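Build the 3D model from these lines:
(chains A and B)
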2 protein chains.
Amino acid sequence: MYNWRKNVRRVVPYLPGEQPDQVGMIKLNTNENPYPPAPGVLKALKKFDSDLLRLYPDPSAAVLVKVLAEYYRVKPSQVFVGVGSDDVLAMAFLTFFNSDRQILFPDITYAFYNVWAEEFRIPYRQIPLNEYFQIVPEDYFCENGGVIFPNPNAPTGKEMSLSDIERVIWHNPDAVVIIDEAYVDFGAKTALPLLEKYDNLLVVQTFSKSRAMAGMRIGFCIGNEKLISYLNDVKYSFNSYTMNRLTLALGVEAVKDDEYFKKITNRIIETREWAKKELEQLGFVFEDSKANFIFASYKTVPAKKIYQALKKQHIYVRYFEKPRIDNYLRITVGTREEMGKMFEFLKNWLKGAE
Amino acid sequence: MYNWRKNVRRVVPYLPGEQPDQVGMIKLNTNENPYPPAPGVLKALKKFDSDLLRLYPDPSAAVLVKVLAEYYRVKPSQVFVGVGSDDVLAMAFLTFFNSDRQILFPDITYAFYNVWAEEFRIPYRQIPLNEYFQIVPEDYFCENGGVIFPNPNAPTGKEMSLSDIERVIWHNPDAVVIIDEAYVDFGAKTALPLLEKYDNLLVVQTFSKSRAMAGMRIGFCIGNEKLISYLNDVKYSFNSYTMNRLTLALGVEAVKDDEYFKKITNRIIETREWAKKELEQLGFVFEDSKANFIFASYKTVPAKKIYQALKKQHIYVRYFEKPRIDNYLRITVGTREEMGKMFEFLKNWLKGAE
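Down below sits the predicted model:
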């Protein structure tokens, strides 16, 4: 049986964070936004003509590409959209990391990079962050088949300065450098202005965090027209119609309401800065985060134990059983109320656990 | 400039059918359903709680997998869903066609197969249909890295008998055989019953045609649990969250309303059989179609000329400028009214064009 098995591509898949679904739970484990999408999204949903669903969507996703181009002040031909930034990144790996040379990314970073590299048989090398969990630009000044890292980095939340990012791009004219800005809207600087100077830069963003639409699956990237054109060729050779009609209609509304976007983003930043103080008082240590999560460690109680204790209270945070980071918790910034409840529990529980 | 270009995966992308969007047009070019989705789909849309869109969807798409498993009387572990059957097929190519041996498919068939093979660097051989546009089973009784063909075939609409399909599967125990049943609900026999006997069979279907939801992007496949498990591993290594929350909610409703599904499907079949008679009277020739389209040729006027004349009337049909089929039109079966308008125009126009 299963004679065909020798032809099969065998991979160890990425394990997404658990998606518990309990009434009253506090979900701080997958970096979702604690606020609903922009009110215009709801309106567009209610007035959507469902008869249109019988027809294919526009494969070029032109309406969504257009509002994004306007918002970020680039040409529509510089914008590519996909089913979440994971789809955009998968397509970018397939398109741009197609040489025999190793691609480079940090050892502590988004756990999907090495999964894509394995899936597409792309040679890769993971470069250790320094002891302060920083990406060292000079480590990327060597021959390679491409470079990718998030800014801020995940799950550390640490920002890399724009001048350091520019040095990495400048030193790699023969490769595409992808900056994964999933969390950039929470206070870090975007690399988008560098597009005017570099044709080898691709900036990837998502609607899943700052735009509160993880459930809708929208990601995008912006780059030189030539890059985007190659990316589209590969995408059209994979699946012409990725963005469904509702996704297009609702995505447009999310971009249009900039006031709401800034309001909820600022609220999350405020909650984060307050949460940092609370965590400090509780005795946690952490590097400064510019994302919608904090990556924290407690001196005298193992992270795994805290994670399990929180889980019993139906408070979900993310714990990675991996070298160098297995004593850290990645805590998504929820509402002030949600964070408050967690801190209250920890205050009492930590005393008994030490 | 563009030093990075040598690293790029260069492909000639699939060209999807044009998606004109004009008031009053008659759109018979991309095999969409002329009827709206099931009424339950509209209801689910109106009552959907848009606040939920801030949360990631269930990566396993369990609710949709469950209703499909129930409907087709298989285990949920035998069902895989994706962003249209193109997504399902792309993942299946990546997963199962991973050897150095050539995969086999017909010369006249869905134009995406060779695009995926090129994109993923899969060796392939296209086997000519016989003079009656039939797939000859014996042609596939040879060493290969996998077999794929649609049933009914596209764009011919011709059905292959289940016994012939079984012979192909039986002769290929060392390879996965994919039957692409995008159009099967319009009167052909599904290969699903063969799953009990063969672990190397994968049956792919879609919501885009018979379930009137091309705009929502839902495809699925059913196979042996082991096949589906490998497919999931590759999918989870590509994009964990492909099916968004609305797609899941609306897709479930489309499957639940079997009465509506059968009603619109039967109506399309009736219109097709009537349209065949009308086409015959007009002087068209065509092989028998079991799909929601008819692949027809006219003796004395070139297909391209007819295609262009129809286009001027805002009646869109599909024309392929390809060897062997460049004198055929693929006409989607629309409503009786839409077909009637086309026939009326052709009746007068063909007289003058001959």
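
which stretches of the stretch 201-350 of chain A form helices?
Under the criterion DSSP state H, counting those that start in this stretch, the stretch 201-350 of chain A contains helices at A:225-236, A:245-256, A:258-282, A:303-312, A:336-353.

give me the beta-bridge partners of residue A:150?
Taking DSSP bridges as the rule, residue A:150 bridges to residue A:180.

what's the neighbour count on it?
Look at residue A:150: counted by other Cβ atoms under 10 Å in any protein chain shown, it has 28 neighbours. Bear in mind the C-beta positions are built from the backbone N, C-alpha and C, glycine included.

How about the contacts made by it?
The neighbours of residue A:150, taking Cβ atoms under 8 Å, 6 or more residues apart in numbering or on different chains as the test, are A:109, A:110, A:179, A:180, A:181, A:182, A:183.

Turn the residues you listed into JSON lines, columns for pLDDT and neighbour count.
Shown next, in JSON lines, are the contacts of residue A:150 (pLDDT from 0 to 100; neighbours: other Cβ atoms under 10 Å in any protein chain shown):
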{"residue": "A:109", "pLDDT": "97", "neighbour count": "21"}
{"residue": "A:110", "pLDDT": "96", "neighbour count": "22"}
{"residue": "A:179", "pLDDT": "98", "neighbour count": "25"}
{"residue": "A:180", "pLDDT": "98", "neighbour count": "29"}
{"residue": "A:181", "pLDDT": "98", "neighbour count": "24"}
{"residue": "A:182", "pLDDT": "98", "neighbour count": "25"}
{"residue": "A:183", "pLDDT": "98", "neighbour count": "25"}
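
which ones are touching the closest residue to chain B within the stretch 1-150 of chain A?
Going by Cβ to the nearest Cβ, chain B is nearest to residue A:13 of the stretch 1-150 of chain A, at 3.5 Å. Neighbour list for residue A:13: A:115, B:232, B:233, B:234, B:235, B:236, B:237 [criterion: Cβ under 8 Å, 6+ apart].

ok, the first one - contacts?
Right, the one you point to is residue A:115. Neighbouring residues of residue A:115 by Cβ under 8 Å, 6+ apart: A:11, A:12, A:13, A:14, B:237.

got a winner among those residues for most neighbours?
residue B:237 (24 neighbours).

Low-confidence regions, chain A specifically.
By pLDDT under 70, chain A has no low-scoring segment.

can you rerun that using 80?
For chain A, applying pLDDT under 80 flags the ranges A:1, A:14-18, A:354.

sorry, back to before: out of the contacts of residue A:115, which comes closest to residue B:338?
Residue B:338 has its nearest neighbour among these in residue B:237, at 43.5 Å by Cβ to Cβ.

Find the nearest non-adjacent residue to that closest one, please.
Leaving aside its chain neighbours, residue B:237 sits nearest to residue A:119 (4.3 Å; criterion: Cβ to Cβ, 6 or more residues apart in numbering or on different chains).

what's the one you found sitting at in phi/psi?
Torsion angles at residue A:119 (phi, psi; degrees, to the nearest 10) stand at phi -60, psi -40.

So what's the residue count around it?
Number of residues near residue A:119 (other Cβ under 10 Å) recorded here: 24.

residues contacting it?
By Cβ under 8 Å, 6+ apart, the contact set of residue A:119 is A:9, A:11, B:94, B:234, B:237, B:238.

do the same with residue A:296
By Cβ under 8 Å, 6+ apart, the residues touching residue A:296 are A:279, A:284, A:285, A:286, A:328, A:329, A:331.

Next one: residue A:156 from residue A:174, what distance?
Going from residue A:156 to residue A:174 by Cβ to Cβ, to the nearest Å gives 28 Å.

Near chain B, which residues of the stretch 151-300 of chain A are found?
Contacts of the stretch 151-300 of chain A with chain B, taken as Cβ under 8 Å from any Cβ of the partner chain, map to A:173-176, A:199-200, A:208, A:212-217, A:226, A:230, A:232-247, A:250.

Out of those, which end up buried?
Buried members of these, counted by 16 or more other Cβ atoms under 10 Å in any protein chain shown: A:174-176, A:199-200, A:208, A:212-217, A:226, A:230, A:232-247, A:250.

Among the contacts of residue A:150, find me the one that's closest to residue B:76.
Using Cβ to Cβ, these come closest to residue B:76 at residue A:110, 29.8 Å.

quick one, what contacts the nearest residue to residue A:83 once chain neighbours are set aside?
Distances taken as Cβ to Cβ, 6+ apart place residue A:217 nearest to residue A:83, at 4.7 Å, with adjacent residues excluded. The contact partners of residue A:217, taken as Cβ under 8 Å, 6+ apart, are A:83, A:84, A:87, A:208, A:247, B:57, B:241, B:242, B:243, B:244.

Format these as JSON lines; extra columns: distance to residue A:22.
JSON lines is the format used below for the contacts of residue A:217 (distance: Cβ to Cβ, whole Å):
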{"residue": "A:83", "distance to residue A:22": "27"}
{"residue": "A:84", "distance to residue A:22": "24"}
{"residue": "A:87", "distance to residue A:22": "29"}
{"residue": "A:208", "distance to residue A:22": "21"}
{"residue": "A:247", "distance to residue A:22": "27"}
{"residue": "B:57", "distance to residue A:22": "17"}
{"residue": "B:241", "distance to residue A:22": "20"}
{"residue": "B:242", "distance to residue A:22": "24"}
{"residue": "B:243", "distance to residue A:22": "22"}
{"residue": "B:244", "distance to residue A:22": "22"}
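
ok, residue A:82 touching residue A:95?
No: with contact defined as Cβ atoms under 8 Å, residue A:82 and residue A:95 do not form a contacting pair (11.8 Å).

For residue A:97, which non-adjacent residue is spatially closest?
Leaving aside its sequence neighbours, residue A:97 sits nearest to residue A:146 (Cβ to Cβ, 6+ apart; 4.4 Å).

Do I have it right that that neighbour meets residue A:95?
No: in this structure, residue A:146 is not within contact of residue A:95 by Cβ under 8 Å, at 10.2 Å.

Comparing these two, which residue is more hemmed in?
Shown here are residue A:146 and residue A:95; by other Cβ under 10 Å, residue A:146 has more neighbours (28 against 25).

Near residue A:22, how many other residues are there?
Other residues within reach of residue A:22, judged by other Cβ under 10 Å, total 9.

How about the backbone phi and psi for it?
phi -120, psi 140.

Contact partners for it?
Shown in contact with residue A:22 (Cβ under 8 Å, 6+ apart): residue A:314.

Next, find the distance separating it from residue A:313.
Residue A:22 is 11 Å from residue A:313, where distance means Cβ to Cβ.

buried sites along stretch A:252-268?
With burial defined by 16+ other Cβ under 10 Å, the residues of stretch A:252-268 counted as buried are A:252, A:253, A:254, A:255, A:256, A:257, A:260, A:261, A:264, A:265, A:267, A:268.

returning to that earlier point: Serialize the contacts of residue A:13 to a markdown table and add fields for distance to residue B:347.
Formatted as a markdown table, these follow (distance: Cβ to Cβ, whole Å):
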| residue | distance to residue B:347 |
| --- | --- |
| A:115 | 59 |
| B:232 | 52 |
| B:233 | 56 |
| B:234 | 51 |
| B:235 | 50 |
| B:236 | 55 |
| B:237 | 55 |
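
closest to residue A:292 among the contacts of residue A:115?
Distances from residue A:292 to the contacts of residue A:115, taken by Cβ to Cβ, are shortest for residue A:14, at 20.6 Å.

Name the SS class of the closest residue to the closest one other than its chain neighbours, please.
Leaving aside its sequence neighbours, residue A:14 sits nearest to residue A:115 (Cβ to Cβ, 6+ apart; 4.3 Å). Secondary structure state of residue A:115, per DSSP: H, G, I helix; E, B strand; the rest coil, is helix.

can you tell me which residues contact the residue in the stretch 101-250 of chain A that chain B sits nearest to?
The stretch 101-250 of chain A approaches chain B most closely through residue A:236 (3.5 Å), counting by Cβ to the nearest Cβ. By Cβ under 8 Å, 6+ apart, the contact list for residue A:236 reads A:59, B:13, B:14, B:15, B:16.

Filter these down to the ones in helices?
Of the contacts of residue A:236, none are assigned to helices by DSSP state H.
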